[in-house]
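> Could you work out the structure for the sequence below:
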Amino acid sequence: MTASNVPLAVQRARLLKEVPPFRPVAVQLLNLVSDISQPLASVVSLLRTDAVLTAEVLRLANSPLLGCRSEIKNIMQALAFLGMERVNSLIVTTAMRGVAGPSSANLARACWRHNLATAVICERLAPPIRISRERGYMSGLIHDIGRLALLRAFPNYETALTKAAAEGRDLLAIEKGLYGMDHTEAGSWLLAQWGCPLDLQTVAALHENPAAAGGPDRNLVCLVGVSSQLADLMDFCEFADAPKPGLAKVMEMFPEINNQLADVPALREFVATRVNGIELSLS
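Numbers count the residues shown, from 1 in each chain. Okay, here's the model as predicted:
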């Protein structure tokens, strides 16, 4: 593994070329739905311009995961029954699945499942710290988008990072040396290029170092950082050979949620069931 001499601008250009972006309509919806002052009709009109995205959202809305008692037949019903924030989280799920792609590579699948597990944990732990479940889920799902992007853009990523993890090396430093950017920088930069909301950019940028977060997004970043660590502890880890933090260490990161971690085995079972269910709904 040798450091790359390729300029950062060239590496970033490769990301934009190789990584399928969020659909433009999905990005517009993420920004539109996050503004609660927007009338429902505006959201419906925009979503109707992308039939494929609409179909995917409706398929997820009708999955057993959400437990709707009657079939949701159109996007207006989905918004009425589920609310804007839940529809927003469904949009992010479908958009992220497009970035992850259908790859059967071991690391790609591990990354996707790690993101899903982190999202489910965030969703479960969010309410006591006054974050909505949907915002927690959405942020957890997108936090490692940079790793999925680097994996798609650079064929040597899986081999290089898996070897580094087995050797106990600093993975962020390895990414930086090979590509001029680590996955947090790659993810936040891509989300900015696509015009995604600022809070998602912040989560992607700071989830590996939540202590650096401040302002209104601090709790959200800390929630995602802790949830990502918990996902690793529950064996939803991206690199099987990488060292895992102890539960006590994780709980020190964000004491506000410690009361929610009284029964980690039960939480793990819940997360596993949800992750498997989401994957089935998307297949």
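> Could I get the buried residue list for stretch 195-208?
Neighbour counts over stretch 195-208 (16 or more other Cβ atoms under 10 Å) mark 196, 197, 199, 200, 201, 202, 203, 204, 205, 206, 207, 208 as buried. Yep, even glycine has a C-beta here, placed from its N, CA and C like the rest.
> measure the third one to residue 205 for me?
What it means is residue 199. 11 Å (Cβ to Cβ, to the nearest Å).
> Below-threshold pLDDT in the stretch 101-250 of the chain: ranges please.
Along the stretch 101-250 of the chain, segments meeting pLDDT under 70 span 102-104.
> try it again with 90
101-109, 127-130, 132-135, 138, 155, 211, 214-216, 240-250 (pLDDT under 90).
> all helices of it, in order?
106-125, 133-142, 145-153, 157-166, 171-179, 183-194, 198-206, 218-233, 247-253 (DSSP state H, counting those that start in this stretch).
> Relative to residue 58, which of the ones you listed is closest?
Of all these, helix 133-142 sits nearest to residue 58, with 17.2 Å by Cβ to Cβ.
> can you give me the angle that closest one makes with helix 183-194?
Angle, helix 133-142 to helix 183-194, by axes from the mean of the first three to the mean of the last three Cα atoms, to 10 degrees: 110 degrees.
> Report all helices and strands that helix 133-142 contacts.
Secondary-structure packing of helix 133-142 (3 or more Cβ pairs under 8 Å, 6 or more residues apart in numbering; DSSP states H and E): helix 84-100, helix 106-125, helix 198-206, helix 218-233.
> One more pass at 10 Å, please.
Applying 3 or more Cβ pairs under 10 Å, 6 or more residues apart in numbering; DSSP states H and E, one finds that helix 133-142 contacts helix 24-33, helix 84-100, helix 106-125, helix 198-206, helix 218-233.
> mind listing what residue 172 touches?
181, 182, 183, 184, 185, 208, 209 (Cβ atoms under 10 Å, 6 or more residues apart in numbering).
> Return the distance of the first one relative to residue 94.
By that I understand residue 181. 26 Å.
> do the same with the fourth one
Residue 184 is 23 Å from residue 94, where distance means Cβ to Cβ.
> same deal with residue 133?
Distance from residue 133 to residue 94, by Cβ to Cβ: 18 Å.
> Show me which of the two is the more surrounded one.
Higher neighbour count among residue 133 and residue 94: residue 94, with 20 against 16, using other Cβ atoms under 10 Å.
> Work out for me the element the residue nearest to the more buried one when sequence neighbours are not counted sits within.
Nearest-residue entry for residue 94: residue 56, 4.3 Å, with adjacent residues in sequence omitted and distances by Cβ to Cβ, 6 or more residues apart in numbering. For residue 56, the element it lies in under DSSP states H and E is helix 51-61.
> Residue 41 is in contact with residue 75, correct?
No: contact criterion Cβ atoms under 10 Å: residue 75 and residue 41 do not qualify, at 11.0 Å.
> Compare those two (neighbour count), which wins?
The residue with more neighbours, out of residue 75 and residue 41, is residue 75; 21 against 10, by other Cβ under 10 Å.
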